[in-house]
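Next one to model:
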Amino acid sequence: MSLFQAQGLVKRFGGLVATDNVSIAVEPGEIHALIGPNGAGKSTLVNLISGLLPLDAGRLELDGVDLTALPPHQRVRAGLSRCFQVTSVFKGDSVRSNLLLAAQAHAGSSFRFLSRRAGEQTLMETALGLAEKVGLSDVLDRTAGTLPHGVQRKLDVALALAARPKLLLLDEPMAGMGPEDSLQMVALIEKLRAEAAILLIEHDMDAVFQLADRISVLVYGKVLTSGDAEHVKGHPEVQAVYLGTEATA
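Numbers count the residues shown, from 1 in each chain. Below is the predicted model:
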């Protein structure tokens, strides 16, 4: 049985069917990429999965737990964590404080004693472990908002990992990055498959083809095809609607 299953997802906005009976699955340890042209319905689909939009029809299940009717915070508790397209960190706080707050939130510690959080050894160890996982150990005392975009994206990923997810949704993690930062993010995502299964939404096709075990192509709210990189590269309809003629070469 798949770790995660989305079955027959439908979302309508008036007369527009943004998500049209979409079904996808993610296996344990898998990186499953979701690609498609602008307006294909990728953001709507991810918002349905994470609970920011209600379903009109369909079912969501993660590791045997029915997520369909759960609000976003309960989906996080069930093992679903998400990084958004726009980096969401506390820009005025240090990297260390960001990580401590995330560790504290998911450990269930009281927020009445924020001044003592740095003294709680378990939380500190968790924060330092998160920093090490994503390569932030050398910037712990830097203010998050002063860091380069690529480093802030790593912090965003670390905050999502604090929830100890079973499935990690990465929504265009390479957006706005230069070549060097993109390479570092690809290496990080490859490393993270040991932590959680990953549903990756990304426009950087080099990264998608390098990382993904399986790729689903979304067009006009429907899954056009799903398969490995070679299958998707060679699919004539994918070339026509998304990859373009250069993909053939």
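
Wait, residue 189 touches residue 210, no?
No. Counting by Cβ atoms under 8 Å, residue 189 stays clear of residue 210, with 9.4 Å between them. Where you see a C-beta, it was placed from the backbone N, CA and C, and this is true even at glycine.

and these two? which has more neighbours close in?
residue 189 (22 against 15; other Cβ atoms under 10 Å).

average pLDDT across the host helix or strand of that one?
Assessed by DSSP states H and E, residue 189 sits inside helix 179-192. If you average the pLDDT over helix 179-192, you get 94.

same question, stretch 81-98
Stretch 81-98 comes out at a mean pLDDT of 87.

the strands in this structure, which residues?
Per DSSP state E, the chain carries strands over the ranges 4-13, 16-26, 31-35, 57-62, 65-66, 80-83, 167-171, 197-201, 214-219, 222-227.

just so I know, which of these lies nearest residue 132?
Closest to residue 132 of these, according to Cβ to Cβ: strand 167-171, at 17.5 Å.

what helices or strands is that closest one leaning on?
Judged by 3 or more Cβ pairs under 8 Å, 6 or more residues apart in numbering; DSSP states H and E, strand 167-171 is in contact with helix 42-50, strand 80-83, helix 149-161, strand 197-201.

What are the contacting residues of the shortest one?
I take that to be strand 80-83. Strand 80-83 is contacted from outside by 46, 49-50, 62, 67, 153, 156-157, 160-161, 163, 165-171, 173, 196, using Cβ atoms under 8 Å, 6 or more residues apart in numbering.

which parts of the helix holding residue 189 are buried?
181-186, 188-189, 192 (16 or more other Cβ atoms under 10 Å).

Check stretch 38-46 too.
Quick answer for stretch 38-46 (16+ other Cβ under 10 Å): 40-46.

cool, and stretch 83-98?
Buried, per 16+ other Cβ under 10 Å, within stretch 83-98: 83-84, 87, 89-90, 94-98.

Straight-line length of it, end to end?
With Cα to Cα, to the nearest Å as the measure, the ends of stretch 83-98 fall 15 Å from one another.

In contact with the residue lying closest to residue 18 once chain neighbours are set aside, which residues?
Computed as Cβ to Cβ, 6 or more residues apart in numbering, the closest residue to residue 18 that is not its neighbour in sequence is residue 44, at 4.4 Å. Residues near residue 44 by Cβ under 8 Å, 6+ apart: 11, 18-19, 53, 221.

Give me the residue ranges of the chain where confidence is low.
85-86, 108-119, 242-249 (pLDDT under 70).

how far out from the middle of the chain is stretch 56-70?
Offset of stretch 56-70 from its chain centre (Cα atoms, centre = their mean, to the nearest Å): 18 Å.

Just the CA atoms of stretch 224-241, as CSV, please.
Extracted in CSV, the C-alpha atoms of stretch 224-241 (Å, rounded to 0.1, in the frame of the first residue of the first chain):
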residue,chain,number,x,y,z
LEU,A,224,-1.8,13.5,-18.5
THR,A,225,0.7,10.8,-17.7
SER,A,226,2.9,9.4,-14.9
GLY,A,227,6.1,7.5,-15.1
ASP,A,228,9.9,7.8,-14.8
ALA,A,229,12.0,10.5,-16.4
GLU,A,230,12.6,8.6,-19.6
HIS,A,231,8.9,7.9,-20.0
VAL,A,232,8.0,11.6,-19.5
LYS,A,233,10.8,12.9,-21.8
GLY,A,234,9.7,10.6,-24.6
HIS,A,235,5.9,11.3,-24.2
PRO,A,236,4.8,13.2,-27.3
GLU,A,237,2.0,15.0,-25.6
VAL,A,238,4.2,16.1,-22.8
GLN,A,239,6.7,17.5,-25.3
ALA,A,240,3.9,19.3,-27.0
VAL,A,241,2.3,21.0,-24.0
